[in-house]
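Engineer: how would this look folded up:
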Amino acid sequence: MKLIRISSLLIILNFHSAFAASAYEDVGDFVIEHSEIELAQLETWAYLFELINPDGTTKIISHANENILLKPASTMKIFTGWWAFKEKNQTDDYLYQMLRQSVNEMADATSQGMGGVLTMADWYRDLGLNLTEENFKPADGSGLSYDNKANCQVEIDLLKKIRNDEEYERFKNLLAQPKKDGTLQDRLTIYAGKLFAKTGTLNATAALAGFLETPKGTMVFCILSDYLKIKVVSARKKIDNMVKVNYNLAK
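Structural biologist: Numbers count the residues shown, from 1 in each chain. Alright, predicted model coming up:
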């Protein structure tokens, strides 16, 4: 009987441990079984860096594969977060935790409470965002589902709308930042006070999207990597280097 009780306890502990890891984006990599089709996919990188000048004009700094559908991972929370922010569905404190710590349960509860991802897509279309089957396929509000698909171009279109909104300054401070508690705390620390972004992590996916203030204006950027054959930690280093290179190009 003792052995049975110990085994049961281990099962319970393992269940709660797995549940805790699924609640937060960057508490380890998400271990999800890949299908043979997924495993056969080539590692794919997509990115788009665009500078918004003080006069409102824009300039593309660099881009590649920006129209390819990939898993957005937790950058999906930008869509959920901005929707809830503008509709005043959640408090800033709630969104601060949801976005900075990337809490999946909070994002999914928010999306479901507002009518679900189809309602969210309709809201963005009414806002003027050109959402189609070719650039945006939402499955949940958190980005945890592998059925979510988006491309860099549609994420950049959203980021530009946020940047041009009168509440941009308030919203950007709800996002993760270097040297502050959150998923960017120990990354890109040379841009503390300048970088406001959303990380994204799945088992073979790494992403980063957001805003970087430069001497010449605000750089909006989206980096999506999918079907990774390298470790996620190595992908993050590559992402961070891309941000540094493009910041220097934008100066």
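
Engineer: and the closest residue to I223 other than its chain neighbours, what is it in contact with?
Structural biologist: With sequence-adjacent residues excluded and distances taken as CB to CB, 6 or more residues apart in numbering, I223 is closest to Y47, at 4.5 Å. Glycine gets a C-beta too; all of them are placed from N, C-alpha and C. Applying CB atoms under 8 Å, 6 or more residues apart in numbering to Y47 gives the contacts 62-66, 152, 221-224, 242.

Engineer: between these, which is nearest L127?
Structural biologist: Of all the contacts of Y47, L127 sits closest to C222, with 18.0 Å by CB to CB.

Engineer: before we move on, what SS does the closest one have?
Structural biologist: Per DSSP: H, G, I helix; E, B strand; the rest coil, the local secondary structure of C222 is strand.

Engineer: Next up, the contacts around it.
Structural biologist: Per CB under 8 Å, 6+ apart, neighbours of C222: 46-48, 66, 75, 152, 155-156, 159, 207-209.

Engineer: repeat for E155
Structural biologist: 48, 72, 75, 78, 209, 222, 224.

Engineer: What is the burial count for the third one?
Structural biologist: One way to gauge burial is a neighbour count; for T75, by other CB atoms under 10 Å, it gives 27.

Engineer: Among the contacts of E155, which ones are in strands?
Structural biologist: Residues of the contacts of E155 located in strands (DSSP state E): 48, 209, 222, 224.

Engineer: Dead centre of this protein: give me the residue that sits there.
Structural biologist: Nearest residue to the geometric centre of the chain (CA atoms, centre = their mean): T75, 1.5 Å.

Engineer: any idea how far it lies from P215?
Structural biologist: In this structure, T75 and P215 are 26 Å apart, going by CB to CB, to the nearest Å.

Engineer: One more: E66?
Structural biologist: 25 Å.

Engineer: more neighbours, these two?
Structural biologist: E66 (21 against 7).

Engineer: Contact partners for that one?
Structural biologist: With CB under 8 Å, 6+ apart, E66 has these contacts: 46-48, 151-153, 156, 222.

Engineer: can you tell me which of the residues you listed lies nearest to S102?
Structural biologist: Nearest member of these to S102, counting by CB to CB, is C222, at 16.3 Å.

Engineer: Who is the closest one paired with across the strands?
Structural biologist: L48, A209 (DSSP bridges).

Engineer: Could you check how far it is from S62?
Structural biologist: Taken as CB to CB, the span from C222 to S62 is 12 Å.

Engineer: Which residue is the nearest non-sequential neighbour of L175?
Structural biologist: F196 (4.3 Å).

Engineer: wait, doesn't that neighbour sit right on N173?
Structural biologist: Yes. Contact criterion CB atoms under 8 Å: F196 and N173 qualify, at 6.9 Å.

Engineer: okay, those two: which has more neighbours?
Structural biologist: Higher neighbour count among F196 and N173: F196, with 24 against 13, using other CB under 10 Å.

Engineer: Tell me if the more buried one really is in a strand.
Structural biologist: Yes. According to three-state DSSP, F196 belongs to a strand.

Engineer: Tell me what it is bridged to.
Structural biologist: The residues that F196 bridges to, once DSSP bridges is applied, are F211.

Engineer: one step back: if we take the contacts of E155, which one ends up nearest to K251?
Structural biologist: Distances from K251 to the contacts of E155, taken by CB to CB, are shortest for L48, at 18.4 Å.

Engineer: got a list of contacts for the one helix or strand G81 maps to?
Structural biologist: Per DSSP states H and E, G81 falls inside helix 76-86. With contacts defined as CB under 8 Å, 6+ apart, helix 76-86 is touched by 89-90, 92, 95, 98-99, 102, 107, 110-111, 114, 120, 123-124, 138, 140-143, 148, 150, 155, 158-159, 162, 167, 171, 174, 198, 200, 209-210.

Engineer: thinking again about what came up before, double-check the residue nearest to the centre of the chain against T201; I have them as touching.
Structural biologist: No. Counting by CB under 8 Å, T75 sits too far from T201 to count as a contact (10.0 Å).
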